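Engineer: quick one: sequence and predicted model below, then my questions.
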Amino acid sequence: MQSDTADRILDSAHALLAERGYAAFSFADIADMVKIRKPSIHHHFASKAILVTAVLKQHRDTLNEALNTLTHNVDSPLKRLGAYVLHWEKCIRDKTEPICIAALLGAELPTLPDEAKVEIKRYFRDLKEWVRKTLEDGSSQGIIQLQQTPAVEAETFIALMHGAMISARVYGSSKVYTAVMQDALSRLAAQP
């Protein structure tokens, strides 16, 4: 069981990662945000690598909870993918989470601590598996058309989504993300 302070530290680190990436934030930045002293952060997280790994694990756990909820609550695989796309559209538009931190840190992978690299790879693996299974289900139901194997289509979908997030960040608008992802979804929809 984590303390409220540990949760606030994790939330602040997540926000700073999304805003600045790994190298451009410090425990001093978190101390300012949480209104605590740096030694208090070290009490909960001995190093930046441990903190960032914990943030990434929490991010992956949240992903898996959300994907399980979509799988159980949305019958149509195409609508499931659409709901996932809409979640990120809202996050980008409302600036609640302007970019997936796993995608952002994936670009920084060579400079990250090994523990963080492992967690990012787990995040991508989990997301790919869910998208692959969803595409496979939709294809078997005749509502999704695939040009490639479900695994290749899943990688393509994820790469498009993360690339669209980066473009949205560059342009300062969720519109590019929405346009790219709506096109991706329409390409997957089986033609009657």
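Structural biologist: Okay, I see it. Just so you know, these numbers come straight off a predicted model, no measurement behind them. Numbering: from 1, shown residues only.
Engineer: got the buried residues for the helix or strand where Ile158 lies?
Structural biologist: Here Ile158, judged by DSSP states H and E, is contained in helix 150-171. Residues of helix 150-171 classed as buried: 150, 153-158, 160-162, 164-166, 168-169 (neighbour count, 16 or more other C-beta atoms under 10 Å). (Glycine included, C-beta is placed from N, CA and C.)
Engineer: closest one of those to Pro113?
Structural biologist: His162 (21.4 Å; C-beta to C-beta).
Engineer: hang on, the closest one packs against Leu105?
Structural biologist: No - taking contacts as C-beta atoms under 8 Å, His162 lies outside contact range of Leu105: 11.2 Å.
Engineer: so Asp126 is in contact with Glu65, correct?
Structural biologist: No - counting by C-beta under 8 Å, Asp126 does not reach Glu65; the two are 11.1 Å apart.
Engineer: neighbour-wise, which of those two wins?
Structural biologist: Higher neighbour count among Asp126 and Glu65: Asp126, with 16 against 10, using other C-beta atoms under 10 Å.
Engineer: any idea which element that one lies in?
Structural biologist: Using DSSP H and E, the element containing Asp126 is helix 114-141.
Engineer: next up, the contacts around the residue lying closest to Phe25 once chain neighbours are set aside.
Structural biologist: Excluding the flanking residues, the one nearest Phe25 by C-beta to C-beta, 6 or more residues apart in numbering is Leu16, at 4.0 Å. When contacts are counted by C-beta atoms under 8 Å, 6 or more residues apart in numbering, Leu16 touches 25, 29-30, 33.
Engineer: and which of those residues is nearest Trp130?
Structural biologist: Phe25 (29.4 Å).
Engineer: so what's Met1 scoring on pLDDT?
Structural biologist: On pLDDT, Met1 comes in at 53.
Engineer: likewise Ile92?
Structural biologist: Ile92 is given a pLDDT of 95.
Engineer: again, but for the one 5 residues further on
Structural biologist: The per-residue pLDDT reported for Glu97 equals 89.
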